[in-house]
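Asker: the following comprises the amino acid sequence and a computationally predicted model.
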Amino acid sequence: MTEFRVAVFASHEGTNLRALHRASLEPGMAYSVALILSNNRDSGALSYARTHAIPAAHLSGLTHPDPVELDAAICALLREQLVDLIVTAGYLKKIGPLTLASYAGQIINVHPSLLPRHGGQGMYGRAVHEAVLASGDPMTGPSVHLVTAEYDTGPVIARHELPVHPDDTVESLASRVLAAEHDLLPAVVQYLAARAISRPTPAESVSTPCDPVGAADANPA
Ligand SMILES: Nc1nc2c(c(=O)[nH]1)N[C@@H](CN(C=O)c1ccc(C(=O)N[C@@H](CCC(=O)O)C(=O)O)cc1)CN2
Ligand SMILES: NCC(=O)N[C@@H]1O[C@H](COP(=O)([O-])[O-])[C@@H](O)[C@H]1O
């Protein structure tokens, strides 16, 4: 493998996407941001893609009302773009079973709390920091984890622990955690890219097809 191609999924501003892309341009970095995908056609993430000439797509319930077809379209685009790793960063929709099966072990997410605390359905953005403050936790910080079927339940790959200050607000906590995400996520992606490039791909390894039959065959029940 000579190039490690990363797809970034974002729903709104995409500050993590920008940090990942900026980091990828530094000397010695082993990955490139090859595709940006958003479920929000007005997102800052798609604006960033346009201004930086990064291939991008809006795929959502608007473009594909049927969730199964949306899942298949996302998976097919990833295969077409020869993506090696998917990063969800501020992406607020569930990755579907077809894409999960086709990219098992190749999808990571950044979450703004120390998982497994304060994750799951409804736990995104402000709600996470509100939960941290309400719990009285002395520590918080971003987690990067493998993406599995249910929200925020995959194995944690890395975390960055930060103290919660007595005078912290949702805004001050969000700002400090987000800044830590912008360092942690590129470091994790760089590690995964360098590891993949250092390991020759076994000749017999094949990508798992996106079609339901192919995916099922590849991962028999
Ligand atoms: N299959 C998976 N998909 C995704 C995961 C995951 O772990 N498995 N992580 C999320 C990111 N995330 C937390 O890090 C997260 C995002 C969104 C939600 C949520 O409750 N979303 C709402 C819809 C919100 C909206 O449409 O504006 C919902 O599903 O009701 C929870 C956690 C990315 N995908
Ligand atoms: N559970 C998902 C979640 O809360 N994701 C969070 O969305 C924020 C915005 O990201 P962005 O600035 O990169 O768009 C980030 O803090 C990210 O951890």
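Answerer: Now that the structure is in, tell me what you want to look at. Ligands and ions are numbered 1, 2, ... in the order given.
Asker: residue 16 versus the nearest residue to residue 91 once chain neighbours are set aside, what's the distance?
Answerer: For residue 91, ignoring the flanking residues on the chain, the nearest one in space by C-beta to C-beta, 6 or more residues apart in numbering is residue 9 at 4.0 Å. Yep, even glycine has a C-beta here, placed from its N, CA and C like the rest. When C-beta to C-beta, to the nearest Å is the yardstick, residue 9 and residue 16 sit 10 Å from each other.
Asker: same question for residue 112.
Answerer: Residue 112 is 10 Å from residue 16, by C-beta to C-beta.
Asker: overlap in contacts, the two.
Answerer: By the contact definition C-beta atoms under 8 Å, 6 or more residues apart in numbering, residue 112 and residue 16 are jointly contacted by 178, 181.
Asker: kindly list the longest helix within this protein.
Answerer: Scanning the chain for the longest helix, with DSSP state H as the assignment, gives helix 170-198.
Asker: in that one, what's buried?
Answerer: Neighbour counts over helix 170-198 (16 or more other C-beta atoms under 10 Å) mark 170, 173-174, 176-178, 180-182, 184-186, 188-190, 192-193, 196-197 as buried.
Asker: and ligand 2, which of those reach it?
Answerer: Taking C-beta under 6 Å from any ligand atom as the test, ligand 2 is in contact with 178, 181 out of those.
Asker: for this structure, which residue is closest to the average position?
Answerer: Centroid-nearest residue in the chain: residue 88, 1.8 Å away (criterion: C-alpha atoms, centre = their mean).
Asker: so that one, which of the three states?
Answerer: Per DSSP: H, G, I helix; E, B strand; the rest coil, the local secondary structure of residue 88 is strand.
Asker: need the pLDDT of it.
Answerer: With respect to pLDDT, residue 88 has a value of 99.
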